[in-house]
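**Q** Attaching a predicted model along with its sequence, questions to come.
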Amino acid sequence: MKKYYITTAIDYVNDTIHIGHAFQKIAADILARYYRVKIGKENVFFLTGTDEYGQKAEKAAKESGQGTREYVRAISNTDKQQQDSLNISYDRFIETTDDDHTKVAQEIWKRVEQNGDIYLGEFNGLYCTGCEAYYAESDLTDGKCQFHPHLEIKKITEKNFFFKWSQYQNFLINHIKNNPNFVVPESGRNEMVKFLERGLKDIPISRTSFSWGVPVPGQPDHVMYVWFDALTNYLTGIGFLDNPKQFKKFWPADVHILGVDNLRWHALLWSAMLKSAELELPKTILVNGFLGINGQKISKSLGNVIRPTDWVEKFGADAVRYYLMRYNVLTEEGDISEEKLRVAYNADLANGLGNLVSRVAKLCETHSVIASETKQSLDPKMTVHLENYKFNEALSHIWGEITDADKKVNKEKPWELTGEKLNQVLLDLVARIQHIAFNLQPFLPETSEKILKQFSGKIKSGSPLFPRI
Ligand SMILES: [Zn+2]
């Protein structure tokens, strides 16, 4: 593999992202950092950002008393700060109100239109403003959207441009069935096939009842349906129109990671749009599970929203990254709490990794050990786990190595040794710690850098990596 392009969902700007969103951003960041080590920094592109158009953003801006653009930029900035606090190493943070994005969304519209897949029609149906999505009666549970049971479903009648989604039904079924890695995990793939087999209907892709959107080319009364513009951000991000060379290098995306509520729009609508525009489809759509907190859904109305910065300020970015990825399975639902974070911090980071590093560094300092500059490599077991999105197993594997190194210290008792034997034991421990730190780079970027620095040249003891909390 010569390049790796990974994207996250772009978050909607009706509110700042919370710790549940961070799960997905950290997963993407781990993959981006891992591939930078594996294939070189210049061959990896990592895109994240915010989705800023649509009725929901317009409404939230009105309620806040700010201008719409001012409002969405403010939320986007706080989202960016939240991601920065976790050391999310994106190459671009895209905002769909960026100028280059408008041009790309319009270009894709034109290509789809030239292909005969857009027509003017009238929409009569149901709409959830929470999802910004159209639904059929059969999609609803007790007359409500499954993701927004507290919102009223609206009945809408409107003249819209439609996308001939139905034309792509067989193409999509075949593509999903023939490409087992196209939708991960398998449960998501099965859900998409089932949905397709019920039949795809054409979908309205323009709106005339509000104006906060990308203008439809040549149709001043219409703005694009927010999903139609938002999905094209993955093309904009790598310079579809402005940097064809970069675009050619990175497209198609290797992984779009997103939450289960976004799966249908990516696996089915985005894929059909790309096919219509004669562009390649992404290789993998990876669905992350939702996290709950203390057994509840994370929600503003329940008052249990935790921002990434709330925990980063108490425990540090690496500890939050570690806890979320070690104790949840990426593709499954999980449940988190500050108490569990504290337990993981003290047991695995303070007592586990931190204690091993400080014990060995102290012994090395006492005996003036000089670390050898061996070229480090990625652990093959970790590689397999990571490339199969088993982050928890990759971390378990590395923590197994930490436990082994600890056992080695206890068994060999270097404080009772002298001469060549002592030197041998210490050099072996140093090599193990270097290997552990090197392989932790994607997960704990700050900590692994500190350890690699400490264990190069003349080794000195330092302040604890994770003081007990
Ligand atoms: Zn909804």
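**A** That came through, no problem.
**Q** need the helices for the stretch 151-300 of the chain, in chain order.
**A** Secondary structure of the stretch 151-300 of the chain (DSSP state H, counting those that start in this stretch): helices located at 169-178, 186-197, 226-231, 233-236, 244-250, 263-264, 271-276.
**Q** ugh, wrong one, the stretch 1-150 of the chain
**A** Under DSSP H, counting those that start in this stretch, the stretch 1-150 of the chain gives helices at 19-39, 55-64, 68-85, 99-114.
**Q** Which of those has the highest mean neighbour count?
**A** helix 19-39 (a mean of 23; mean count of other C-beta atoms under 10 Å). Bear in mind the C-beta positions are built from the backbone N, C-alpha and C, glycine included.
**Q** So which other helices or strands are in contact with the least confident helix or strand in the chain by mean pLDDT?
**A** One helix or strand of the chain scores below all others by mean pLDDT, DSSP states H and E: strand 133-135, with a mean of 86. On a contact count with 3 or more C-beta pairs under 8 Å, 6 or more residues apart in numbering; DSSP states H and E, strand 133-135 meets strand 118-128.
**Q** re the thing from before, looking at the helices of the stretch 1-150 of the chain, which is nearest to residue 393?
**A** Distance to residue 393, taken as C-beta to C-beta, is lowest for helix 19-39 among those, at 12.8 Å.
**Q** Put the alpha carbons of the closest one into PDB.
**A** These are the backbone C-alpha positions of helix 19-39, laid out as PDB (Å, rounded to 0.1, in the frame of the first residue of the first chain):
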ATOM      1  CA  ILE A  19     -16.800  12.500  24.600                       C
ATOM      2  CA  GLY A  20     -18.900  10.000  22.500                       C
ATOM      3  CA  HIS A  21     -17.700  11.700  19.300                       C
ATOM      4  CA  ALA A  22     -14.200  11.600  20.600                       C
ATOM      5  CA  PHE A  23     -14.200   7.800  20.400                       C
ATOM      6  CA  GLN A  24     -14.500   8.000  16.600                       C
ATOM      7  CA  LYS A  25     -11.900  10.800  16.200                       C
ATOM      8  CA  ILE A  26      -9.400   9.000  18.400                       C
ATOM      9  CA  ALA A  27      -9.900   5.800  16.300                       C
ATOM     10  CA  ALA A  28      -9.200   7.700  13.100                       C
ATOM     11  CA  ASP A  29      -6.200   9.400  14.600                       C
ATOM     12  CA  ILE A  30      -4.700   6.000  15.700                       C
ATOM     13  CA  LEU A  31      -5.100   4.700  12.200                       C
ATOM     14  CA  ALA A  32      -3.600   7.900  10.700                       C
ATOM     15  CA  ARG A  33      -0.600   7.800  13.100                       C
ATOM     16  CA  TYR A  34      -0.100   4.100  12.500                       C
ATOM     17  CA  TYR A  35       0.000   4.400   8.800                       C
ATOM     18  CA  ARG A  36       2.400   7.400   9.000                       C
ATOM     19  CA  VAL A  37       4.800   5.100  10.800                       C
ATOM     20  CA  LYS A  38       4.200   2.200   8.400                       C
ATOM     21  CA  ILE A  39       4.200   4.000   5.000                       C
END
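**Q** all numbers from here: first residue = 425
**A** Shifting the count to begin at 425 puts that one at helix 443-463.
**Q** so how far is it from its chain's centroid?
**A** The chain centre lies 7 Å from the centre of helix 443-463; the measure is C-alpha atoms, centre = their mean, to the nearest Å.
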